[in-house]
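Engineer: What follows is a predicted protein model with its sequence.
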Amino acid sequence: MPTAAHLDEYRLARLIDAGRGLLAELDLDLVLDRLLEIAADLTGARYVALGVLDDERQELARFLTRGVDEATHRAIGDLPRGRGILGVLINDPRPLRLTDIGDHPRSYGFPPGHPPMRTFLGVPIIIRGQAWGNLYLTEKAGGAPFSGEDEAAVVVLSDWAAIAIENARLYRDVAARREELERAVRRIQASAAIARAVGGETEIDRILELVVKRGRALVDAHDVLIMLREGDDLAIVAAAGHVRIDQHVRVPLSESTAGEVLAEGRSRRIDDAARELRIPPERLGLADAATALLVPLVYRGHGFGVLAAFDRLGGDGAFTADDEELLEAFAAQAATAVATGRSVEIDRRRRSLAAAEAERHRWARELHDETLQALGALKLLLSTATGLDDPAAMHDAMRNAAEQLTHDIAGLRSLIAELRPPALDELGLAPALASLARRTATSNGLAVRTRIELPDDRRLAPELETTVYRVVQESLTNIVKHARATSVELAVRWEGGDVHVSVSDDGVGFDHEAAAGTGFGLAGMHERVELADGELTVVRRADAGTVVEARLPAV
């Protein structure tokens, strides 16, 4: 058998250069393509092919060619599987040179449309002691047979190729494992993000936004939707990607594949969205959607929605079984987050309604106990005055009625000011609180000391100013009605981006838990502070009195 010692200087240099090039390339397909090119250049072969063996090494799984155009490929038809001369190297992986293919006893001839071929050189590619494939070269330039030098050059090239192919395969395997690990990390990150949402996020809109964005990144989807069940329909409530959603879009449960997924509680991969969704993708804001992955959102055995991903960005756009498994694991966490968020929202609305109802009862009681009774007394006074015959007595009664009316008007103005003090809108929080403290002190004989330290160069957000005012107002009202106090300390200060409120008195104090729901307005204060993402504490002091403290973020 010819060896590398028989090679001329040009071929040796060419092989060294080829080896460097092959070993530097890590893409397997590029390595194989480059291998065909170099083999043709080294030997002058018109046609070069590479047959890759299947896992059992019984026939060819792939057949790559160089020198045969597309039209000829189509004319030939199916690619060879390793019969005839090609099968000789599969059964006996050693170099084979033939002057005329047709003279070999294993030759089957060529199919119709196949270009004529006579001279032949075949060399196996051995990787780790096992045949991986074969190089086939035919039709040396000028019609001459392949020489021993040609065989030696291709043998050396096949050795280089074996190393390069193994490197490319190892790199591909490492890349695949790295991608798998990255997907696992993304799954963990997505699950952790949803877990944080369950523990730290209560706004349902923020949770839905987090779910669609994390879900889209998790499976590399073009678009992701969340559809939640509302009656007999699924309503689109959140989306990520390029989708354009209309808040009024609803998908009938009984007429959609998404409804079937929710009813069955099983995920479904869709390869033809236009046909299999049963709802035109355009109705979902997805004009060009081709594939989809629908996963039910199930919490404690109850399906309440569907997480839908459309068109994977990588590959051919179709979702895989791995994508389905990944999104199912994510959807389990997402379902918990969404269900928790909805529960919190329902509880918040319930508390808000209860607080509003309690406040309405309070103002109704104020109007009944003060304004209505005052108007009744005024009516009685006027009725008495109309029945007097003495002009002087009638004049006195009318004067008393006017004084009573003046007093009642002042009372109504005070009540209106408590509902929405004009000073809060016109002058700002600090003047409004100072005015409230003065009115409380004057009307109830209390010593109210104030310390208000707020920025002079800007106003707080209107909602925050209202919350601070109401907390102070409710605290002072409780002190007046229940504490039997003689002095009050009011402090409002800006510190570290938060507004800190403190209202303390020297009264008899009270049990916070026992006072809940008894008309002290604590539910309303807690609700206001919670809606502002703040914290409220009410503490009975050991010596005497009560301290109400609130911290409200200002940014």
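Structural biologist: Everything's here; your move. Fair warning: this is a prediction, and the values are worked out from it, not measured in the lab.
Engineer: How is the residue nearest to Met117 when sequence neighbours are not counted assigned, secondary-structure-wise?
Structural biologist: The shortest distance from Met117 to any non-neighbouring residue, by CB to CB, 6 or more residues apart in numbering, is to Thr138 (4.2 Å). The way it works is simple: take the backbone N, C-alpha and C, and place the C-beta from them, glycine included. Under DSSP: H, G, I helix; E, B strand; the rest coil, Thr138 falls in the strand class.
Engineer: Specify the beta-bridge partners of Thr138.
Structural biologist: Beta-bridge partners recorded for Thr138 (DSSP bridges): Tyr47, Phe120.
Engineer: My guess is it contacts Thr43. True?
Structural biologist: No - with contacts counted by CB atoms under 8 Å, Thr138 stays clear of Thr43, the gap being 10.1 Å.
Engineer: Now the common contact residues for these two.
Structural biologist: Common contacts of Thr138 and Thr43, defined by CB atoms under 8 Å, 6 or more residues apart in numbering, comprise Leu121.
Engineer: Could you count how many residues lie near the residue nearest to Met117?
Structural biologist: Thr138 is flanked by 22 other residues according to other CB atoms under 10 Å.
Engineer: element containing Asp173?
Structural biologist: Asp173 is part of helix 148-200, with elements assigned from DSSP states H and E.
Engineer: so what does the following helix or strand past that helix touch, helix or strand wise?
Structural biologist: Per DSSP H and E, helix 148-200 leads on to helix 204-219 as the next helix or strand towards the C-terminus. In this structure, helix 204-219 makes packing contacts with helix 148-200, strand 221-230, strand 233-241, strand 302-312, helix 321-366, judged by 3 or more CB pairs under 8 Å, 6 or more residues apart in numbering; DSSP states H and E.
Engineer: Tabulate those (a markdown table), appending mean pLDDT, mean neighbour count and distance to Gly445.
Structural biologist: Shown next, in a markdown table, are the helices and strands packed on helix 204-219 (pLDDT from 0 to 100; neighbours: other CB atoms under 10 Å; distance: least, CB to CB, whole Å):
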| stretch | mean pLDDT | mean neighbour count | distance to Gly445 |
| --- | --- | --- | --- |
| helix 148-200 | 78 | 16 | 47 |
| strand 221-230 | 89 | 23 | 56 |
| strand 233-241 | 87 | 21 | 55 |
| strand 302-312 | 89 | 24 | 57 |
| helix 321-366 | 71 | 16 | 20 |
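Engineer: and those as CSV, adding distance to Glu56?
Structural biologist: As requested, these are exported to CSV (distance: least, CB to CB, whole Å):
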stretch, distance to Glu56
helix 148-200, 18
strand 221-230, 38
strand 233-241, 44
strand 302-312, 32
helix 321-366, 25
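Engineer: Which of those sits closest to Ala377?
Structural biologist: In terms of CB to CB, the element of these nearest to Ala377 is helix 321-366, at 16.3 Å.
Engineer: Quick one: name whatever helix or strand follows the closest one.
Structural biologist: Proceeding N to C from helix 321-366, the next assigned helix or strand is helix 373-386, under DSSP H and E.
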